[in-house]
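Asker: need the 3D shape of this:
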Amino acid sequence: MSGGLFALLDDVAALVRLAAASVDDVGVAAGRAGTKAAGVIIDDAAVTPQYVQGLAAKRELPIIKQIAVGSLRNKLLLILPAALVISQFAEWLLPYILMLGGAYLSFEGAEKIWEKLRGASHDKAEDAPAILDPDHEKKVVAGATRTDLILSAEIMVIALNEVKEEPFLTRAIILVVVAIAITVLIYGVVGLIVKIDDIGLALTRKARSQFGRSFGRGMVKAMPYVLMVIGAVGTAAMLWVGGHILLAQSAEAGWHAPYDLVHDLEHAVHEWAPAAAGFAAWLANTLVSAVVGLVFGALLAVVVHFLPFGHHGAEEEQGEARELRD
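Answerer: Sure thing, here's the model as predicted:
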């Protein structure tokens, strides 16, 4: 009897260890998948603050919360089921879906650079109303959620591609973890970004020391530059990630020549700088990917903005964006 009990306890302990190992594996896989989507995550965090710039301070966090809920709904109810079905029954589609996403990211990155060069920006705080009525607020949230759908889809597909070899249930759990963790991360950071100037303003008024008040003024003055840096990093990340996806997934789809050239360059850099071989190879890959993303994105931007069949659609999209902000 006691022998049977100890055997049962041994089995339970083994199951616990197995479960713990599985949880650890899920965490590692989720972290790896999320890291691969870092470029899109940065861009998502850079894009979202524009929706609350210029609004009354008391409405900033509620609007961000609504956008975050919409983002989570996008990931869990729309993107996740579709991604799991594709990975289970049509895995061959993944490289092509990823290339579409890479093309979109490259286009968005090139578009942002073009807007900066010609002095146009849709992110100005003065374009946003100081107060929103409930209907207008719903339109703003709906517009932000639609934009998030594209970025969320790219994040989830990139994550899926990293864990496509995992069993179905493990794959599903990892993607749920990635969806929740990334949503919390992005919108937590966005919430912090949009409130930093309020925190700085409060310090300038309520801090007891001169240092505290000076620090608060510094926070307020620094925010435009912080947002500018985040935007620049987001643009660079989109070009890098978009270009890398196009190169890597074209190889997955059977066209190996472009990515083979990148690998040859990595080997050449490795031999040229053996002391920093890993970093040099990564830098070479990143720079080439960014150039590919910029060139491909610029070509798409020309098609969208300068050819007759692309210009009308672009004007309609810009008109809708202006309507949401006005």
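
Asker: any figure for the gap between Glu165 and Glu252?
Answerer: 13 Å (CB to CB, to the nearest Å). For the C-beta atoms, the positions are set from N, CA and C on the backbone; glycine is no exception.

Asker: so which of these two has more stuff around it?
Answerer: Between Glu165 and Glu252, counted using other CB atoms under 10 Å, Glu252 has the larger neighbour count: 16 against 10.

Asker: give the contact list for that one.
Answerer: Leu94, Pro95 (CB atoms under 8 Å, 6 or more residues apart in numbering).

Asker: what's the separation between it and Ile97?
Answerer: Taking CB to CB, one finds Glu252 at 11 Å from Ile97.

Asker: also Glu115?
Answerer: 27 Å.

Asker: swap in Val233?
Answerer: Applying CB to CB to Val233 and Ile97 gives a distance of 26 Å.

Asker: between those two, which one's more packed in?
Answerer: It is Ile97, of Val233 and Ile97, that has more neighbours when counted by other CB under 10 Å, with 19 against 15.

Asker: how much space between the more buried one and Ala276?
Answerer: Distance from Ile97 to Ala276, by CB to CB: 35 Å.

Asker: again, but for His256
Answerer: Counting by CB to CB, the gap from His256 to Ala276 is 27 Å.

Asker: which residues touch stretch 269-284?
Answerer: Contacts of stretch 269-284 (CB under 8 Å, 6+ apart): Val262, Leu265, Glu266, His267.

Asker: mark which of those residues are buried, thanks.
Answerer: Buried by 16 or more other CB atoms under 10 Å: Val262, Glu266, out of those.

Asker: among the contacts of stretch 269-284, which are located in strands?
Answerer: The strands, defined by DSSP state E, take in nothing from these.

Asker: show me what contacts the nearest residue to Val220 once chain neighbours are set aside?
Answerer: In this structure, Val220 finds its nearest non-sequential neighbour in Gly200, 4.1 Å apart by CB to CB, 6 or more residues apart in numbering. By CB under 8 Å, 6+ apart, the residues touching Gly200 are Phe215, Gly216, Arg217, Gly218, Met219, Val220, Met223.

Asker: how are the helices of the stretch 201-326 of the chain distributed by residue range?
Answerer: 210-252, 257-272, 277-306, 308-325 (DSSP state H, counting those that start in this stretch).

Asker: TSV for those, including mean pLDDT and distance to Gly102?
Answerer: Below are the helices of the stretch 201-326 of the chain laid out as TSV (pLDDT from 0 to 100; distance: least, CB to CB, whole Å):
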stretch	mean pLDDT	distance to Gly102
helix 210-252	83	3
helix 257-272	83	12
helix 277-306	86	8
helix 308-325	49	19
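
Asker: got those helices as JSON lines, with distance to Glu137 columns?
Answerer: Listed next are those as JSON lines, based on distance: least, CB to CB, whole Å:
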{"stretch": "helix 210-252", "distance to Glu137": "22"}
{"stretch": "helix 257-272", "distance to Glu137": "46"}
{"stretch": "helix 277-306", "distance to Glu137": "30"}
{"stretch": "helix 308-325", "distance to Glu137": "11"}
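
Asker: nearest to Ile182, of those?
Answerer: Among those, helix 210-252 comes nearest to Ile182, with 14.3 Å by CB to CB.

Asker: now that closest one and helix 257-272, what's the angle there?
Answerer: 120 degrees (axes from the mean of the first three to the mean of the last three CA atoms, to 10 degrees).
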